[in-house]
Structures are given as structure tokens and as C-alpha cells.
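S.K.: output the structure for:
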Amino acid sequence: MLKNLKKVLLAGLIGLSGSVGAAQADITVEFWHSFDGSGGEALGEIIENFQVANPDIKIDAQFIGNYNDIVAKLQAAIPARRAPDAVIMEVTRYGLFADRGVLLDLTEKVNNDPLKDDLFDFAREVGVFEGKNYIVPFNSSTPVLYYNKEIFERAGFAEEPALKTYDDLLAVSKQITEKLGDEGITGIAAPGQFARWGLIMDNDSDLIDSKTGEILIDSPNTIEAYEWMASLVHEHKVASADGVTKENNGRDAFLAGKVGIMLNSTGNYGRSKKALGDNLAVRPMPCNKVCAVPIGGAGIGILSSADKETQDAAYKFISFAASPESNATWFSGTGYMPINKNTAKQPLAAAAVQDKPGITVAIDQLDFARGRPRPPVVTWMRATEYDMWQAMALGQRDVTETLKDFADRTRKEAERTN
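M.R.: Take a look at the predicted model:
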């Protein structure tokens, strides 16, 4: 009996050894991302398709939070040696990690990838920092103007009103708030940071010049833009302060039918359409002084700390995710812009264009869309801007004084990081 037991134990050990060997032969890529809701569903479908085509590679996709959360958690994970193998990085903030050698230089991989020639110019450009490629685009967007048709009709707009200038938006927002405010409906959601950047650009200014690096936070047109945005909340009261202290509150109120206008990323199209259905209308951002919008979104980068085999597997997934088939899945499911020239030929993309009015507005804005700066100081600037905006929007600090102080601090931080 003892002899038979030894045989059983030996066989078990051999089987265990074999299974461990098989597990080690498979490559797991830990991938941090920022997509939930419709974005999470579309990403899950892309990952599933990739793993079917590449059964030897497992993508361990982990939802970390929004772009800010990813930056903060990545900064904490690196010294603790707990960084992922691949990560979604917002297009203005990856420069900090590229500059410090955290992200792998993908230039050679991209140049040798036939995919390179299939990407739109704007999509290829967002991954380049100081002449080298550090991320491959995945989700690209511009801010757009969403509105609720039913709220507009109930507020007395028999036809679509003008929505092209600051004055236009304020007038519409006032009428909605006056007519429907007793029902808890406000005219406009307090603009989030991406929309704020767009409103500054269409007022013929910027936060940092993308070509020269000049700090423009305290320029007259930037100050004017912030004065108008802040007035929506503390002066005219057509936007709720809840959307200032927590930006997603404004979005969620719009989705719940409690806000008439929302300025937000085209990446919110999927959830907005799901929430409002045929009551959703999508229009270009206003052109207050000029027509200009920022290109946003993110790309996927690979950590230089990952071993070479894992890096190669991660890039294989990145290239797959940017293919026309995957990009069509992403575009149709979320509303983010196509990054691949061949995406429009895919049945999923063609059906989305036909069946989802407004999904192409961001694409139409590409004629006047601009990339944004991505030096290391941008990460600090964007994190600090939230507190500056809150103080101005809630009427706690004077706009001009706040922005002059913010600009001085940003210049000093730029000198320090450089």
C-alpha cells in the first residue's frame, strides 16, 4: 500500500511540475487602464478577440480609475517595483514618464510595424515626445457639445438655438434654468478640465503653447475664458457647483436628464446615447473667437521595467488594438474617434455612422483640432489646475489674481523640472 501511495504522490508531483511549466510558458501582460461602462465593455471585447488569436498571451486588464488616478498610482508603484507591464497614458501626461525613462522607447517597434502607415497623422503625432515614440494611440477624442432635445423643447426652444459663442451658450442656459429650475434642472454642466481647455482654445488662447512651451495661463484671452466659465456657477447660477467639486457629477446629472447642455469628450457618446436615446443631440464646440479644439484621449505605453518577452507580447496587443477591426469595435461602442484610416471600411463602423447621429462630430472637428503640449510640467499643471478652477468657480478667489499666481508657479515648476 505504501508503495502504491508513493507512486500516486510521484505522479502528482510530475503532473504539478508539468502544469507549472505550462503556466510559465504562457505570457501574462499586466495592463492598467481607465475604462468602465461602455468603454470597459468594448475593451473587454478587444482583449477577448486578441486572446483567441494569441492563446499564448494573457492580458491581465485592471481598471485603475481615471487618468489622474493612473498617474498617481503609477508614481507610487514605480519605486515599490509594482508597476504594470503596459499602461494607458493620457496624451499630455506621458511625457513625464518618458522623460524619466519609465516608458519604453517604441520608435523601432512602430517603424517596423505595417500599422504605422495606416494611422491618421494626428494619431501618430500624439505618441511622439522629443522625437521618439512612447505610446501608440488607442482612444482619441475632442470635446463636443451635447444637449438634451427634450429639455430644450420644454424650455421653449421650438428650433435649435445658436450654440456658437459664449453668449449663445449663456443665453440658452439661462432660459433653461429659468423655465425648469424649479424641477431641479440647470442649463449647463460646469465644464470639466478637457472642456475648459477647449473653451480656452476657442477663445484664441491656450494654457501652454504646444510649439514654444510658453506659459499662457495668465494671457488676457485665457483669463477672459476662465471668467466666463466661472460666472456660469457663482454669478449666473446656470451650472451646479456639484460639478465643480467633482467633475463627474455634471456628467451624471446630464445623463439623468437634469442638465440641458454638457461640454465633454466624444468618448462620452456611448453612455450619453444609452441614457438619452433619441433625445441626445451632438454639436461642435463653440467658436467664440476662433474654431479650435484640443485632441485628447490616450495611448498605450510599455514599461521599460518589463522583461523583453513581456514587452514584445505587450506590443503585439497594442498593435492589435489599433487595427481597423479593433478600432471599429472601439469607435462603434464608445464614440471615440477612429485612429486607423481603414476603420471606416469595417461593417461595425459603417453601421455606427448610419445608426448613431452625432458620432462623427469629433471627426468633423479635426480640421481645426490641435495637439497639446506634453513636457513634464504639464502633469503638475493639470493636477494643480483643479484647485485653481474650484476657487474661481465657487467665487472664492478673483480670476485674474488666481491665474497670475498659477502662471508664476507653473513657470517655476517648468524651470525646476527642466
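S.K.: low-confidence regions, the stretch 301-418 of the chain specifically.
M.R.: In the predicted model, the stretch 301-418 of the chain carries no residue with pLDDT under 70.
S.K.: can you show me the strands along it?
M.R.: Taking DSSP state E, counting those that start in this stretch, the strands of the stretch 301-418 of the chain run over residues 369-370.
S.K.: same check on the chain?
M.R.: In the chain, the strands defined using DSSP state E lie at 27-33, 57-63, 86-90, 128-129, 132-133, 136-141, 143-148, 186-188, 259-265, 280-283, 293-294, 296-302, 369-370.
S.K.: out of those strands, which is closest to V71?
M.R.: strand 86-90 (7.7 Å; Cβ to Cβ). Glycine gets a C-beta too; all of them are placed from N, C-alpha and C.
S.K.: so what strands line up beside the closest one?
M.R.: Using DSSP bridges, strand 86-90 pairs in its sheet with strand 27-33 (parallel), strand 296-302 (antiparallel).
S.K.: now the strands of the chain as JSON lines including mean neighbour count and distance to N111?
M.R.: As requested, the strands of the chain are exported to JSON lines (neighbours: other Cβ atoms under 10 Å; distance: least, Cβ to Cβ, whole Å):
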{"stretch": "strand 27-33", "mean neighbour count": "21", "distance to N111": "22"}
{"stretch": "strand 57-63", "mean neighbour count": "17", "distance to N111": "22"}
{"stretch": "strand 86-90", "mean neighbour count": "27", "distance to N111": "19"}
{"stretch": "strand 128-129", "mean neighbour count": "18", "distance to N111": "12"}
{"stretch": "strand 132-133", "mean neighbour count": "18", "distance to N111": "8"}
{"stretch": "strand 136-141", "mean neighbour count": "27", "distance to N111": "12"}
{"stretch": "strand 143-148", "mean neighbour count": "27", "distance to N111": "32"}
{"stretch": "strand 186-188", "mean neighbour count": "28", "distance to N111": "45"}
{"stretch": "strand 259-265", "mean neighbour count": "26", "distance to N111": "30"}
{"stretch": "strand 280-283", "mean neighbour count": "19", "distance to N111": "36"}
{"stretch": "strand 293-294", "mean neighbour count": "26", "distance to N111": "27"}
{"stretch": "strand 296-302", "mean neighbour count": "26", "distance to N111": "15"}
{"stretch": "strand 369-370", "mean neighbour count": "19", "distance to N111": "25"}
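S.K.: in TSV: those strands, plus distance to T379.
M.R.: Formatted as TSV, these follow (distance: least, Cβ to Cβ, whole Å):
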stretch	distance to T379
strand 27-33	16
strand 57-63	21
strand 86-90	9
strand 128-129	12
strand 132-133	18
strand 136-141	19
strand 143-148	20
strand 186-188	29
strand 259-265	19
strand 280-283	30
strand 293-294	16
strand 296-302	13
strand 369-370	19
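S.K.: hmm, back to that, and G192, which of the strands paired with strand 86-90 is closest to it?
M.R.: Taking the strands paired with strand 86-90 one by one with Cβ to Cβ, strand 296-302 is closest: 10.8 Å.
S.K.: off-centre distance for that closest one?
M.R.: From the chain centre to the centre of strand 296-302 is a distance of 9 Å (Cα atoms, centre = their mean, to the nearest Å).
S.K.: how about stretch 155-168?
M.R.: What separates the centre of stretch 155-168 from the centre of its chain is 28 Å, taken as Cα atoms, centre = their mean.
S.K.: residues contacting that stretch, please?
M.R.: Residues external to stretch 155-168 that are found in contact with it (Cβ atoms under 8 Å, 6 or more residues apart in numbering): 145, 147, 152, 169, 171-172, 175-176, 179-180, 199, 203, 228, 260-261, 281, 283, 286-288.
S.K.: repeat that for 6 Å
M.R.: In this structure, residues lying in contact with stretch 155-168 by Cβ atoms under 6 Å, 6 or more residues apart in numbering are V172, Q175, I176, K179, L180, W228, R283, P286, C287, N288.
S.K.: check stretch 176-189 too.
M.R.: Residues outside stretch 176-189 that contact it (Cβ under 6 Å, 6+ apart) are 155, 173, 238-240, 243, 250, 254, 258-262.
S.K.: buried sites along it?
M.R.: By neighbour count on 16 or more other Cβ atoms under 10 Å, the buried set for stretch 176-189 is I176, T177, K179, L180, I185, T186, G187, I188, A189.
S.K.: likewise stretch 34-53?
M.R.: By 16+ other Cβ under 10 Å, the buried positions in stretch 34-53 come out as S34, F35, S38, G39, G40, A42, L43, I46, I47, N49, F50.
S.K.: low-confidence ranges in the protein?
M.R.: 1-25.
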